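1. Got a predicted structure plus its sequence, pasted below:
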Protein chains: 2
Amino acid sequence: MLFRITLCYDGTDFMGWQAQRPGVGRTVQDVVEAALATLAGTAVRIAAAGRTDTGVHALGQVASFELSRKMEPATLLRALNGLLPPDVRVLEVAPAPAGFHPRRSAVSKLYRYLLDTGPVRLPTRRRAAGHIRAPLDETCVCEAAALYLGRRDFAAVASAGGSTRSTVRTITRSEVRFEAAPVPGAGGPTLVYEVEADGFLRRMVRSLVGGLIAAGRGDASVAALERALAAGDRQLWPPPAEACGLTLVRVDYPPLGDRD
Amino acid sequence: MLFRITLCYDGTDFMGWQAQRPGVGRTVQDVVEAALATLAGTAVRIAAAGRTDTGVHALGQVASFELSRKMEPATLLRALNGLLPPDVRVLEVAPAPAGFHPRRSAVSKLYRYLLDTGPVRLPTRRRAAGHIRAPLDETCVCEAAALYLGRRDFAAVASAGGSTRSTVRTITRSEVRFEAAPVPGAGGPTLVYEVEADGFLRRMVRSLVGGLIAAGRGDASVAALERALAAGDRQLWPPPAEACGLTLVRVDYPPLGDRD
């Protein structure tokens, strides 16, 4: 029986999603597969929609796996949550249609990035938000975000080591808003960036945010970012933003009737 | 020279504010005094506005200390933050007027409590919010919160072991709002409770929130809470809410001109 699960995790104490060689570090895939193996009495392999990096969080990661025994979704949810450590939780369990794959079947993914600004990094936010000291020019940040919209080759913002052949993706949403600082008076506004696409390349969101930061600080003009994107040259692109501010918010699939 | 500092900390990995006997555990007072001792070359004792419990956070704790050497506030802020662990930060340093005491000089304190509801406790919120599975009756919660307003004897919500003589306090603000769940669809709304008073008794805010939860779940009627308050009987009061949802937001002092 094929199941689809929705997972929430605090990525701080994980070496990312993907299982590693023993001894390398704790990963989300490892702990979920361990819980499933305990339940199933045999090794169970899971696939995920997005292979989040070390320190990246998820509110709605989607994964799938096959169980030979029949189990009620609600029972499976409670049993898994009883076995998982407190930094990972299953929010939803549902039977998946034959052929479902969390990454290949997905039509879009939504990521959110939080970036605090100001002289001091707040202890209460250090796991959930990136931080820079310098203030950001809000107009430049918004212009850079608008630049990302649409279908194009995103080779300039893909890290080496990705396994995909094509670097063309379509960004359907690239929105910036600024929220008041978590402590009024202490620090500047928080940049909240939401980006949705049909798929993302390796470390792509953090590179896109790196571009926003460079534009906002005046380290790169929006025109220079545009040229770097057009050239597809990673050497021309600003460094990626730190991992802790990034969250995989949601993965969307076609309505059941639309599949095939 | 007397200094006043504003501190932000993530209380998760602290045994509260107050210094403990060696070996008991790490406290905020301990780590701040250790940083000050390094700077001053001698032991420095600090006093705080509120002795927060184990697991309780602060966005705006206020503390004071005397340094024999003269230091610029901005220099002191940077030096302290360079020495402190990442879960405590100094947000502000200012010279304090003679006779200033962070607790005795305070005119009011504001605490905030976050309580998530729903079947699963979210990993990304487990350090910052309390959690209960049951849904809350919002009207009953609001009625209970309104009950707390005003000047009265709060003996019923004071834990044993407090050092104060009088248990009379004035609550000037006791506000409830409900926010959408952090993950749409996963879980019920989050209760956000803000309470401001001229002072708080030991574990008082967590007991007040315990009363809101009991009212919202139907475990206690608002009339029963009112009788328990009037009787001043701790045995009649519901159990306190867990510590992790509580944050000391702000401490207010009279404007400088008003002091003596």
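-> Looks like it arrived, so ask away.
2. May I see the buried residues of the longest strand that chain A contains?
-> Secondary structure of chain A read by DSSP state E shows that its longest strand is strand A:168-179. The neighbour-count check on strand A:168-179 (16 or more other Cβ atoms under 10 Å in any protein chain shown) flags A:169, A:171, A:174, A:176, A:178 as buried. Quick note: C-beta positions are derived from backbone N, CA and C, even for glycine.
3. Double-check the third one against A:Tyr148; I have them as touching.
-> Yes. Between A:Ser174 and A:Tyr148 there is a contact under Cβ atoms under 8 Å: 4.4 Å.
4. what sits in contact with each of the two?
-> A:195, A:208 (Cβ atoms under 8 Å, 6 or more residues apart in numbering or on different chains).
5. coming back round to it: for the buried residues of strand A:168-179, could you give me TSV that also reports pLDDT?
-> Shown next, in TSV, are these (pLDDT from 0 to 100):
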residue	pLDDT
A:Arg169	97
A:Ile171	98
A:Ser174	98
A:Val176	98
A:Phe178	97
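6. any chance of these in TSV, plus distance to chain B?
-> Formatted as TSV, those follow (distance: Cβ to the nearest Cβ, whole Å):
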residue	distance to chain B
A:Arg169	25
A:Ile171	22
A:Ser174	21
A:Val176	21
A:Phe178	19
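7. need these in a markdown table with distance to B:Pro255, can you?
-> What follows is these, written out as a markdown table (distance: Cβ to Cβ, whole Å):
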| residue | distance to B:Pro255 |
| --- | --- |
| A:Arg169 | 56 |
| A:Ile171 | 51 |
| A:Ser174 | 46 |
| A:Val176 | 38 |
| A:Phe178 | 31 |
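8. hey, C-alpha coordinates of the longest strand of chain A in CSV?
-> Output of strand A:168-179 as CSV, limited to C-alpha atoms (Å, rounded to 0.1, in the frame of the first residue of the first chain):
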residue,chain,number,x,y,z
VAL,A,168,15.0,25.8,-16.8
ARG,A,169,12.3,26.5,-14.2
THR,A,170,9.2,28.7,-14.0
ILE,A,171,8.8,31.0,-11.0
THR,A,172,5.1,31.9,-10.6
ARG,A,173,5.4,33.9,-7.4
SER,A,174,8.3,36.0,-6.0
GLU,A,175,7.0,38.2,-3.3
VAL,A,176,8.7,40.4,-0.7
ARG,A,177,7.1,42.0,2.3
PHE,A,178,8.7,43.8,5.2
GLU,A,179,7.4,43.2,8.7
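9. How far off centre is that strand?
-> Its chain's average C-alpha position is 13 Å from that of strand A:168-179, according to Cα atoms, centre = their mean, to the nearest Å.
10. again, but for stretch A:136-150
-> Offset of stretch A:136-150 from its chain centre (Cα atoms, centre = their mean): 20 Å.
11. Name the nearest of the buried residues of strand A:168-179 relative to B:Leu201.
-> Among the buried residues of strand A:168-179, A:Phe178 lies closest to B:Leu201 (Cβ to Cβ), at 39.3 Å.
12. what sits against that closest one?
-> Per Cβ under 8 Å, 6+ apart, neighbours of A:Phe178: A:138, A:189-192.
13. Apply 6 Å and report the result again.
-> A:138, A:189 (Cβ atoms under 6 Å, 6 or more residues apart in numbering or on different chains).
14. Tell me, how many residues neighbour A:Gln165?
-> No Gln there; residue A:165 is Arg. By other Cβ atoms under 10 Å in any protein chain shown, the residues close to A:Arg165 number 6.
15. Now do the SS call for it.
-> What DSSP: H, G, I helix; E, B strand; the rest coil gives for A:Arg165 is coil.
16. State the pLDDT value of it.
-> As predicted, A:Arg165 sits at a pLDDT of 81.
17. A:Leu83 versus A:Glu92, what's the distance?
-> 17 Å (Cβ to Cβ, to the nearest Å).
18. ditto for A:Gly25
-> Applying Cβ to Cβ, the value for A:Gly25 to A:Leu83 is 20 Å.
19. Return the residues in contact with A:Leu191.
-> A:Leu191 touches A:Leu115, counting by Cβ under 6 Å, 6+ apart.
20. Tell me the secondary structure at it.
-> Going by three-state DSSP: A:Leu191 is strand.
21. Show the pLDDT at it.
-> The model reports A:Leu191 with a pLDDT of 97.
22. mind checking how far it is from B:Val88?
-> If you go by Cβ to Cβ, the gap between A:Leu191 and B:Val88 works out to 25 Å.
23. Quick check: buried residues in the helix or strand hosting A:Leu76?
-> Assigned by DSSP states H and E, A:Leu76 belongs to helix A:73-83. For helix A:73-83, the neighbour count (16+ other Cβ under 10 Å) marks A:76-77, A:79-81, A:83 as buried.
24. Which stretches in the stretch 151-260 of chain A count as strands?
-> With DSSP state E, counting those that start in this stretch as the criterion, the stretch 151-260 of chain A has strands at A:168-179, A:190-197, A:246-252.
25. Between these, which one is closest to B:Arg103.
-> That would be strand A:190-197 among those, by Cβ to Cβ, at 31.1 Å.
26. so how many other residues sit close to the residue lying closest to A:Ala243 once chain neighbours are set aside?
-> Excluding its sequence neighbours, the residue lying closest to A:Ala243 (Cβ to Cβ, 6 or more residues apart in numbering or on different chains) is A:Gly55, at 3.5 Å. As a burial measure, A:Gly55 scores 18 neighbours (other Cβ under 10 Å).
27. what about A:Gly55, which helix or strand?
-> Counting by DSSP H and E, no helix or strand carries A:Gly55.
28. Now do it, the pLDDT please.
-> pLDDT for A:Gly55: 96.
29. One more: A:Ala98?
-> 92.
30. Neighbours of the closest residue to it other than its chain neighbours, how many?
-> Distances taken as Cβ to Cβ, 6+ apart put A:Leu2 closest to A:Ala98, at 6.7 Å, once the chain neighbours are dropped. A:Leu2 is flanked by 14 other residues according to other Cβ under 10 Å.
31. now swap in A:Phe3 and tell me
-> Neighbour tally, A:Phe3, other Cβ under 10 Å: 21.
32. Low-confidence stretches in chain A?
-> A:161-164, A:257-260 (pLDDT under 70).
33. Can you name the residues of it sitting close to chain B?
-> A:8-10, A:57, A:59, A:86-89, A:91, A:120, A:122-124, A:126, A:183, A:186 (Cβ under 6 Å from any Cβ of the partner chain).
34. As a check, name the ranges of all helices in the stretch 101-250 of chain A.
-> For the stretch 101-250 of chain A, the helices defined by DSSP state H, counting those that start in this stretch cover A:138-147, A:204-217, A:222-231.
35. quick revisit: the buried residues of helix A:73-83 into TSV, with extra columns for distance to B:Val251?
-> TSV is the format used below for these (distance: Cβ to Cβ, whole Å):
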residue	distance to B:Val251
A:Leu76	48
A:Leu77	43
A:Ala79	46
A:Leu80	43
A:Asn81	39
A:Leu83	43
